[in-house]
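>>> Predicted model and sequence follow; I will ask about them next.
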Amino acid sequence: MPFNTGGITVTVAGESHAKALTVIIEGLGAGIKVDELEIYRFMQRRAPGKNRFSTPRSEPDRPVILSGIKNGFTTGSPISAMIENTNTRSQDYGSKLDIPRPGHADYPASVKFGQYFNFCGGGQFSGRLTAVLCFAGALAKQVLREKGIEVTAHISSIHGIKDKSYADGIEDVSRKEFPVISDDQGELMKAEIDSARLDGDSVGGSVECAATGMMPGVGDFLYGGIDGEIAKAVFAIPAVKGIEFGSGFGVCTMRGSENNDEFFMDGDTVRTRTNNHGGVLGGMTSGMPIIFNVAFKPTSSIAKKQNSVSLSERRNAELQVRGRHDPCIVPRAVPCVEAMCALVLLGKIKSE
């Protein structure tokens, strides 16, 4: 499935229980220095099986670069990479899809693809595919860093428990195992995830992302707005249910005099005193940090019995999902949000 960000095209293929996942990245150009170890470190932030807050499925997620990078530099040809699936347990899903899992793509996919849909692990609709998106995003982050642009994210909430906001200061928490600004709030979040896990259930939450160092004027009007492009990219991450920029839906309770961000001169640079607009005005960057918040639903695969239907018998049926699943997808989603944001920003910069 190709994804075009303007100056960059990313094509992803694979399934949760296929032999491997693949990605092809076009448009980066030649001579860009690549730190493969840094890419691997970034991908390990998303990798499963690291702690009790993620699925027990353990995958090394070590990318094999097939083309486009030689001796630490891009060659100008399309970059292709592969990540093997080494720890699948397809037997957990049975031999055929008959009772679709609530909250999953099973039912509409079975209608669309019929008996050919590989439902094990969710097939091509699985969050597993974000592994190769993170490979592409890690490359984009390195290129952006050379331009003075940093993309970072953190857990902003889990099941109603909130972390500090980037509105109060942007911090890099990428080195933390549990990526929050406030460790005290993080402990409360962990307890909430544990409670759901022990109850055979799951919880959702949100991820806040910030991009600093962006020059003003990047983006376009109507369909070319950079906020719209980021939103489209972020919705490629399974389990995303919403996105808001700056003060987001909070602006509904404001007056114009409260919401408008007043301009001032900071030396020779135009800035705003507040950032309710989240760094985007009229679909273009304002030069202020791009800040947005992404909502993630609770993991759909839970151990509790649920009501569904038998597709073969056309009757109501009960289902108890087996397999290995995250009690909360939010901690592992943090680098995924960074990756999609970085790809859009780099693509927009290269296309203008």
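Everything's here; your move.
>>> what's the burial count for residue 177?
The local packing of residue 177 (other C-beta atoms under 10 Å) involves 11 other residues. (Each C-beta comes from the backbone N, C-alpha and C, glycine too.)
>>> Against residue 209, how distant is it?
19 Å (C-beta to C-beta, to the nearest Å).
>>> Likewise for residue 65?
Taking C-beta to C-beta, one finds residue 65 at 26 Å from residue 209.
>>> and what of residue 293?
Taking C-beta to C-beta, one finds residue 293 at 8 Å from residue 209.
>>> Just to be sure, residue 229 is in a strand?
No. Looking at residue 229 with DSSP: H, G, I helix; E, B strand; the rest coil, it is helix, so not inside a strand.
>>> so who does it touch?
If a contact means C-beta atoms under 8 Å, 6 or more residues apart in numbering, then residue 229 has 5, 6, 219, 344, 347, 348 as its contacts.
>>> these two touch, right, the fourth one and residue 230?
Yes. Here residue 344 reaches residue 230: they are 5.0 Å apart, a contact under C-beta atoms under 8 Å.
>>> can you give me the helices for the stretch 51-200 of the chain?
Secondary structure of the stretch 51-200 of the chain by DSSP state H, counting those that start in this stretch: the helices cover 106-113, 130-146, 183-198.
>>> list the helices and strands the last one packs on?
Using 3 or more C-beta pairs under 8 Å, 6 or more residues apart in numbering; DSSP states H and E as the contact criterion, the elements in contact with helix 183-198 are strand 150-158, strand 161-162.
>>> now the longest one
On a contact count with 3+ C-beta pairs under 8 Å, 6+ apart, helix 130-146 meets strand 9-13, strand 20-26, strand 30-33, helix 36-44, strand 79-84, strand 150-158, helix 330-351.
>>> So which of these has the densest surroundings on average?
Among the helices and strands packed on helix 130-146, helix 330-351 has the highest mean neighbour count (mean count of other C-beta atoms under 10 Å), at a mean of 26.
>>> average model confidence for that one?
Helix 330-351 shows a mean pLDDT of 96.
>>> got it, and stretch 42-58?
pLDDT averaged over stretch 42-58 gives 74.
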